[in-house]
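S.K.: need coordinates for the below:
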Amino acid sequence: MDTEVDFFEGKQDTSSIRWINDCEYILKNKNPKSKAEEKSIHIKILTTTDSSYTFEYNAIGDKQKFKGTAFKIH
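M.R.: Numbers count the residues shown, from 1 in each chain. Presented below is the predicted three-dimensional model:
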């Protein structure tokens, strides 16, 4: 897979994916609408279940990291 589609606050966002290894990848927004959206995001998958995964992420160059959970939708 080389594309990710996200939905946040009712808006669709599409990014390209470059895998580093089985648990880490870099996201780059395909249609940035601001300087902040131009920064690539490093994502590291921490845990997985059948229907979700927990991950850590940060903008490339930023030291502060955040955590999130992604859920499979049907």
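S.K.: wait, residue 19 sits on residue 25?
M.R.: Yes: under the contact definition of CB atoms under 8 Å, residue 19 touches residue 25, with a separation of 4.7 Å. From N, CA and C alone the C-beta is placed, and that goes for glycine too.
S.K.: comparing those two, which residue is more hemmed in?
M.R.: Between residue 19 and residue 25, counted using other CB atoms under 10 Å, residue 25 has the larger neighbour count: 21 against 11.
S.K.: kindly state the beta-bridge partners for that one.
M.R.: With DSSP bridges applied, residue 25 shows beta-bridge pairing to residue 19, residue 43.
S.K.: all strands of this structure, in order?
M.R.: Across the chain, reading from the start of the chain, the strands by DSSP state E fall at 3-8, 11-21, 24-29, 41-48, 52-59, 66-71.
S.K.: and the contacts of the first one?
M.R.: It stands for strand 3-8. In this structure, residues lying in contact with strand 3-8 by CB atoms under 8 Å, 6 or more residues apart in numbering are 12-17, 27, 30.
S.K.: do the same with the longest one
M.R.: Judged by CB under 8 Å, 6+ apart, the contacts made with strand 11-21 from elsewhere in the structure are 1-7, 25-31, 41.
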